[in-house]
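>>> Any chance you could fold what I've pasted below:
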Amino acid sequence: MAEAQGDAKKLVDQLKANPQPFLVHHIELGDERKGVAAIQQIFKDSFPQMPVMIVSSSPKETMIMCAVPKGHAKIKASEWCKSASEKLGGRGGGTDVAAQATIQGDKSKEVVDLTTQFASVTLQ
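You can find the predicted model right below:
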């Protein structure tokens, strides 16, 4: 967990130097929901207006946690999360501002690719 937090803080510094319209970030925390939520909070605190998706996986499952600032006009957390979970046979749900899903097996690369593509198109 400490290593993941350090990596997240380094990425925060990089994003401050080179701002992005959204973040999709894969971390190696397996199915540690509290750890994934803590990493997500680092980004939410640092970039309160940025949609953030954190993806973590183990051989058993891939977990997605998504947060979108309230009132964001272009992207909804539930739709962003579903852009990968529904295509990969996962389950989940959420609201316009927060969503999560799990998918059987390690599908982290596919999730990152699908959700990055969805956000890129949606936020154009």
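>>> list the contacts for the most far-flung residue of the chain relative to its centre?
The centre of the chain is farthest from one residue, A17, which by Cα atoms, centre = their mean lies 20.5 Å away. If a contact means Cβ atoms under 8 Å, 6 or more residues apart in numbering, then A17 has no contacts. Backbone N, C-alpha and C define where each C-beta goes, glycine included.
>>> now swap in D31 and tell me
Taking Cβ under 8 Å, 6+ apart as the criterion, D31 is in contact with 56, 58, 60-61, 63.
>>> Relative to the whole chain's centre, how far out is the helix or strand bottoming out on mean pLDDT in the chain?
Lowest mean confidence among the helices and strands of the chain (mean pLDDT, DSSP states H and E): helix 2-17, at a mean of 84. Centroid displacement of helix 2-17 relative to its chain, using Cα atoms, centre = their mean, to the nearest Å, is 15 Å.
>>> repeat for stretch 12-19
With Cα atoms, centre = their mean as the basis, the mean position of stretch 12-19 lies at 17 Å from the chain mean.
>>> Please identify the buried residues of that stretch?
12, 15 (16 or more other Cβ atoms under 10 Å).
>>> ok so, going back, can I get the contacts of D31 in JSON lines with secondary structure and neighbour count?
Listed next are these as JSON lines, based on DSSP: H, G, I helix; E, B strand; the rest coil; neighbours: other Cβ atoms under 10 Å:
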{"residue": "S56", "secondary structure": "strand", "neighbour count": "24"}
{"residue": "S58", "secondary structure": "coil", "neighbour count": "15"}
{"residue": "K60", "secondary structure": "coil", "neighbour count": "11"}
{"residue": "E61", "secondary structure": "strand", "neighbour count": "16"}
{"residue": "M63", "secondary structure": "strand", "neighbour count": "24"}
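>>> Serialize those to TSV and add fields for pLDDT and distance to H72.
Putting the contacts of D31 into TSV (pLDDT from 0 to 100; distance: Cβ to Cβ, whole Å) gives the following:
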residue	pLDDT	distance to H72
S56	94	23
S58	91	30
K60	94	32
E61	94	28
M63	95	22
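>>> For the helix or strand harbouring A84, which helices and strands make contact with it?
Assigned by DSSP states H and E, A84 belongs to helix 77-85. Where contact means 3 or more Cβ pairs under 8 Å, 6 or more residues apart in numbering; DSSP states H and E, helix 77-85 is packed against strand 61-67, strand 91-94, strand 98-104, helix 108-122.
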